[in-house]
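A.B. asks: any chance you could fold what I've pasted below:
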Amino acid sequence: MPDVSSGAVVPPSRRAIDRDASSGSLPRPLTSLIGRESELAQAKRLLQGSYLVTLTGPGGSGKTRLCIALAAEVAGDYPDGVYFVPLAPVRDPGLVPSTIAQSIGLQDARDRPLMEHLVSQLRERKLLIVLDNFEHLLAGAPVVTELLQETTALRILVTSRSSLRVSGEQECPVPPLAVPDQRTPPTPESLAACNSVRLFTERAAAAVPGFSVSDENAAAIAQIARRLDGLPLAIELAAARVKLLPPEAILGRLEHSLGLLTGGSRDLPDRLQTLRATIAWSYDLLTEGARRLLGACSVFAGGADLEVIETVCDAAVDIGLPVLDGLQELVNQSLMRQVQSSGVPLARYAMLETIREFADERLDQMPEADRIRAAHAAAFLAMVEAGGRPQAGLATKEWLERLDTEHNNIRAALSWYRRHDPPAALRLAASMSAFWSLRGHHTEGRQHLGELLGLVPDASITRVSALNGAAWLAIDQGGYAHAANLLGESIGLSRTLNDMVGDGIATVYLGRCKMSSSGSRRGRGTWSAASRSSARRGIGRRSRSACFTADWSRTSPAGWMPHASSSPAAQPCRPSSAWHR
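C.D. replies: Sure thing, here's the model as predicted:
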């Protein structure tokens, strides 16, 4: 069987996975790795002898940084590539398979379940998959086991605060960095080989050029490293303060903050309490407006650009200063990062997951918390609905790339609406169906639409669009009988509501369904009838022709028309997929 998930004729060979996705998959660190030589060597040995290695440790211990360094070092051992899968923004364990598939450039298959398709493409490949931040998705760990059991050369490297507790797992703890020995007098010479001090010094020098350990500040720096237990993230946050305070003053503020938090949650590990105390100390140094902005920004899964952040704040919360000024303050205090995403012209602002968790706690304490979360959902609903119901039937490249970047934010919005406003969730899901089809998220899209159609039974034009979208996705995966039932309901409902566009779209889709299920000769008759019906309902000739020209190639004996690339990002848009928006 040829693989048809990407919209191109791809034999069951090594073409189905996007090899180019590997080259740009591994993040490129902008700072050096300090003091992890022994841990790197140990993890490399474990990976050579085990198919599943999990780097474990508290938040901020440097698991991701070590994992990236390890993956880069062993990349030459994996001819089929190294793929980095960021899981921090994902909240549903059921999305682990689709997130992996998306990261390796593999779309959902039309003719088989996603896991079966994923296994079939990975079975004999020698590649490394890096699953970063798995701790909140432990219910999805059996997916990892299944992938390893059904493949011959796949290896998986995981970072998590907790082990996955599955068969064959080799745990590799990532300890904090070594701290200065209290028995040795702190001098520049005695501290030169201490890794926690080296990290503090290098990061401080990045903030204040020329900064170094001296006889005057050596004792304070050594004590800072000890007070922070050598935790890399805590040390980096403290080092960023040298722009404002000398090490002696930093130590005084740090000790004060730790004293305030000694009565905190006793069930947290000591080092995690230290990290929380360090983040809290950085938080306390912010202006009130920047504090409120940090809490508001915790709603964004994977970050957001300035325009979207301003939209949410303008609608829900007064932070007391311009959003751009607040973001600059957060970046300067190392609580947010400015990052650039491919395909998106605007810079994005994001925070580490440990900081986001802290910020989310602060959001819960804000009286505007519900308004902020509602504004976040509304902003992404508006973004998805921006294309409306295009008559030309073309989903633009810009729209698709924007939704690619914001997919985790849209998932968060959909989850919020499902709990608080199910009709709006149905609107969002209906509008997402074109994206889900074009980007290969068929299983995810069908699950959302199926659940929401059951949750919101009211007759509406939104329901017509959702039925049409669900039917299109069902046809994508060969569920012709189910699609026909959905379209039958859609046609009846659209005529009751006098929704001529929805009726015409459903009729065209029904023609595609019959073509796909019954063969080309009978399908040509169906095309003629559907074309005449859709013309009466306001679907233009150009759009009808585009739909059936695209779909005739899909249902002909030769299968899909070949495209130049099997990469989802490089494929031309299938015209009719956007009609049901």
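A.B. asks: could you list the domains of the protein?
C.D. replies: The record's domain parsing of the chain by automatic domain parsing lists 20-173, 188-276, 286-375, 386-578.
A.B. asks: what average pLDDT does the longest one get?
C.D. replies: Going back to what we said before, that points to domain 386-578. Mean pLDDT, domain 386-578: 75.
A.B. asks: ok so, going back, columns mean neighbour count and distance to residue 180 on top of the domains of the chain, output as TSV?
C.D. replies: To be clear about C-beta, it is placed using only N, CA and C from the backbone, and glycine gets the same treatment. Below are those laid out as TSV (neighbours: other C-beta atoms under 10 Å; distance: least, C-beta to C-beta, whole Å):
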stretch	mean neighbour count	distance to residue 180
domain 20-173	19	13
domain 188-276	18	4
domain 286-375	19	23
domain 386-578	20	41
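A.B. asks: for those domains, which one sits closest to residue 182?
C.D. replies: Nearest of the domains of the chain to residue 182, taken as C-beta to C-beta: domain 188-276 at 7.1 Å.
A.B. asks: okay, how far is it across that closest one, tip to tip?
C.D. replies: End-to-end distance of domain 188-276 (C-alpha to C-alpha, to the nearest Å): 29 Å.
A.B. asks: run the chain-centre distance for that domain.
C.D. replies: Its chain's C-alpha centre and that of domain 188-276 lie 32 Å apart, by C-alpha atoms, centre = their mean, to the nearest Å.
A.B. asks: just use 9 as the starting number from now, easier for me
C.D. replies: Got it, the first residue is 9 from now on, which makes the last one we talked about domain 196-284.
A.B. asks: circling back: would TSV of the domains of the chain with distance to residue 187 be doable?
C.D. replies: Below are the domains of the chain laid out as TSV (distance: least, C-beta to C-beta, whole Å):
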stretch	distance to residue 187
domain 28-181	11
domain 196-284	5
domain 294-383	20
domain 394-586	36
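A.B. asks: can you give me the helices in the stretch 59-208 of the chain?
C.D. replies: 71-82, 104-111, 122-130, 149-157, 196-199, 203-215 (DSSP state H, counting those that start in this stretch).
A.B. asks: I'd like the next helix or strand past the longest one.
C.D. replies: Once helix 203-215 ends, the next helix or strand along the chain (criterion: DSSP states H and E) is helix 226-235.
A.B. asks: what does that following helix contact?
C.D. replies: Helix 226-235 is contacted from outside by 185, 187-188, 190, 194-196, 199, 202, 204-205, 208-209, 221, 243, 246, 254-256, 258-259, 262-263, 266, 282, using C-beta atoms under 8 Å, 6 or more residues apart in numbering.
A.B. asks: likewise for stretch 330-340?
C.D. replies: 248, 251, 294-295, 297-298, 301-302, 305, 314, 317-318, 321, 327, 344-346, 357, 359.
A.B. asks: among the contacts of helix 226-235, which ones are in strands?
C.D. replies: Among the contacts of helix 226-235, no member falls in strands (criterion: DSSP state E).
A.B. asks: okay, strands next: where are they in this protein?
C.D. replies: Under DSSP E, the chain gives strands at 60-64, 90-94, 136-140, 163-168, 177-181, 312-313, 345-347, 356-358.
A.B. asks: mind listing what the fourth one pairs with, with the direction of each?
C.D. replies: Pairing partners of strand 163-168, with direction, according to DSSP bridges: strand 60-64 (parallel), strand 136-140 (parallel).
A.B. asks: could you check the angle strand 177-181 makes with the first one?
C.D. replies: Going back to what we said before, that points to strand 60-64. Interaxial angle of strand 60-64 relative to strand 177-181 (axes from the mean of the first three to the mean of the last three C-alpha atoms, to 10 degrees): 30 degrees.
A.B. asks: over to the last one?
C.D. replies: Calculated by the same axes, to 10 degrees, strand 136-140 forms an angle of 60 degrees with strand 177-181.
A.B. asks: give me the mean pLDDT for strand 136-140.
C.D. replies: 97.
A.B. asks: now do stretch 369-376
C.D. replies: When pLDDT is averaged over stretch 369-376, the result is 96.
A.B. asks: what do you get for stretch 315-325?
C.D. replies: 96.
A.B. asks: list the contacts of that stretch.
C.D. replies: 300-301, 304-305, 307-308, 312, 327, 331, 335, 354, 357, 374, 376, 379-380, 382-384, 386-388, 391.
A.B. asks: please redo it, this time with the cut-off set to 6 Å
C.D. replies: 304, 331, 376, 379, 380, 383, 384, 387 (C-beta atoms under 6 Å, 6 or more residues apart in numbering).
A.B. asks: out of those, which one sits closest to residue 158?
C.D. replies: Using C-beta to C-beta, the contacts of stretch 315-325 come closest to residue 158 at residue 384, 38.4 Å.
A.B. asks: tell me the contacts of that closest one?
C.D. replies: Neighbours of residue 384 in contact, by C-beta under 6 Å, 6+ apart: 307, 320.
A.B. asks: next one: residue 165
C.D. replies: Residue 165 touches 61, 138, counting by C-beta under 6 Å, 6+ apart.
A.B. asks: from residue 302, how far out is the closest residue to residue 293 other than its chain neighbours?
C.D. replies: By the measure of C-beta to C-beta, 6 or more residues apart in numbering, the closest residue to residue 293 outside its immediate chain neighbours is residue 341, 6.4 Å from it. Counting by C-beta to C-beta, to the nearest Å, the separation of residue 341 from residue 302 is 9 Å.
A.B. asks: for residue 229, same thing?
C.D. replies: From residue 229 to residue 302 the distance is 27 Å (C-beta to C-beta).
A.B. asks: repeat that for residue 327.
C.D. replies: 10 Å.
A.B. asks: equivalent analysis for residue 377, please.
C.D. replies: 13 Å.
A.B. asks: quick check: residue 211 touching residue 245?
C.D. replies: No. Between residue 211 and residue 245 there is no contact under C-beta atoms under 6 Å: 9.1 Å.
A.B. asks: need the overlap of contacts for these two.
C.D. replies: Joint contacts of residue 211 and residue 245 (C-beta under 6 Å, 6+ apart) do not exist.
A.B. asks: quick revisit: overlap in contacts, residue 377 and residue 302.
C.D. replies: By C-beta under 6 Å, 6+ apart, no residue touches both residue 377 and residue 302.
A.B. asks: show the pLDDT at residue 143.
C.D. replies: pLDDT, read off for residue 143, is 89.
A.B. asks: could you pull up the contacting residues of it?
C.D. replies: By C-beta under 6 Å, 6+ apart, the neighbours of residue 143 are 168, 169, 170.
A.B. asks: a markdown table for those residues, including distance to residue 366 and pLDDT?
C.D. replies: Output for these, formatted as a markdown table (distance: C-beta to C-beta, whole Å; pLDDT from 0 to 100):
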| residue | distance to residue 366 | pLDDT |
| --- | --- | --- |
| 168 | 19 | 91 |
| 169 | 15 | 84 |
| 170 | 19 | 84 |
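A.B. asks: tell me which of the residues you listed is nearest to residue 239?
C.D. replies: Closest to residue 239, out of all of these and judged by C-beta to C-beta, is residue 169, at 13.0 Å.
A.B. asks: can you pull the contacts of that closest one?
C.D. replies: Contacts of residue 169 (C-beta under 6 Å, 6+ apart): residue 143.
A.B. asks: mind redoing it with 8 Å?
C.D. replies: Contact analysis of residue 169 by C-beta under 8 Å, 6+ apart lists 64, 65, 66, 67, 143.
A.B. asks: measure residue 232 to residue 223 for me?
C.D. replies: 16 Å.
A.B. asks: should've said residue 96
C.D. replies: 42 Å.
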